[in-house]
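Chemist: Need a 3D model of the sequence below.
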Amino acid sequence: MGAICWFVNTAVSPMEHEGQAIARGLRQRDPDELDHLIERYQYRLFRYLLYLTGSRETAEDVFQETWIRVLERGRQYDGKSRFEPWLFTIARNLVIDFQRRRQPRIADLLERREEEGPEPELVAKGQPSALELVERLEVSERVTASLACLPATYREVLVLRFQEELALEEIAEIVAAPLSTVKSRLYRGLEAMRQSLAGG
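Modeler: Now for the predicted structure:
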């Protein structure tokens, strides 16, 4: 009986197993592992950088530098948590460094911490009808334009939450802010988007 309990308590979840495999590959500087990671995360990482910087050229530069840092600092990833927050944290720090050299005010905005606000109340989504799908396609350009006009601190958490589908705790880790601050930014960003889309 004791042996069964020991086995259950030491079972490794698929996420932990994957994280450990990635950590092992990065420690060994395995080029196949790096190629696999780039192939798997390149679209998501580039999209995040594009939204964060607002410049394709800057996003491309930071994208390349991010993977160089992943290779150089691969030993720092312990595999105990998901790879995405670690990757996005590296990318975000590079953006801040880059913006600080070019436009100090934007970097300061990314690091600014808002006061705590009410938690966002998200409406549960059901299966959309065909009409709803058409309506969504029609407003997609307005949504993209509205998102691009938001302050960087709000745009970042919205992209991480709804496009990258990261947990709030993971976003807090990436942006180096308390969970309450992330919730506040998310709420304010959603409210700003709502007003923008309503023409307010």
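
Chemist: got the domain boundaries for this protein?
Modeler: The chain is divided into the following domains under automatic domain parsing: 2-111, 130-197.

Chemist: Now mean neighbour count and mean pLDDT too, for these, in TSV please.
Modeler: (Each C-beta comes from the backbone N, C-alpha and C, glycine too.) Output for those, formatted as TSV (neighbours: other CB atoms under 10 Å; pLDDT from 0 to 100):
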stretch	mean neighbour count	mean pLDDT
domain 2-111	15	80
domain 130-197	17	79
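
Chemist: tell me the centre residue of the protein?
Modeler: residue 160 (3.6 Å; CA atoms, centre = their mean).

Chemist: mind listing what that residue touches?
Modeler: Residues near residue 160 by CB atoms under 8 Å, 6 or more residues apart in numbering: 48, 88, 166, 170, 171, 174, 175.

Chemist: quick one, helices of this structure?
Modeler: Ranges of helices in the chain, per DSSP state H, are 2-9, 14-27, 31-53, 56-72, 83-102, 104-111, 130-149, 152-158, 168-175, 179-197.

Chemist: For the fifth one, which outside residues touch it?
Modeler: So the one you mean is helix 83-102. With CB under 8 Å, 6+ apart, helix 83-102 has contacts from 18-19, 22, 37, 41, 44-45, 48-49, 52-53, 58, 61-63, 65-66, 69-70, 73, 77, 106-107, 110-111, 156, 160, 164, 166, 170, 173-176.

Chemist: and that helix, C-alpha only, in CSV?
Modeler: What follows is helix 83-102, C-alpha atoms only, in CSV (Å, rounded to 0.1, in the frame of the first residue of the first chain):
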residue,chain,number,x,y,z
PHE,A,83,8.1,27.1,-21.2
GLU,A,84,5.9,29.9,-22.6
PRO,A,85,6.1,32.3,-19.6
TRP,A,86,9.9,32.0,-19.5
LEU,A,87,10.1,32.6,-23.3
PHE,A,88,7.8,35.6,-23.2
THR,A,89,9.6,37.1,-20.2
ILE,A,90,12.9,37.0,-22.1
ALA,A,91,11.2,38.7,-25.1
ARG,A,92,9.5,41.3,-23.0
ASN,A,93,12.8,42.3,-21.3
LEU,A,94,14.5,42.6,-24.6
VAL,A,95,11.7,44.9,-25.9
ILE,A,96,12.1,47.1,-22.8
ASP,A,97,15.9,47.3,-23.3
PHE,A,98,15.4,48.1,-27.0
GLN,A,99,12.7,50.7,-26.3
ARG,A,100,14.8,52.3,-23.5
ARG,A,101,17.6,52.9,-26.0
ARG,A,102,15.2,54.3,-28.6
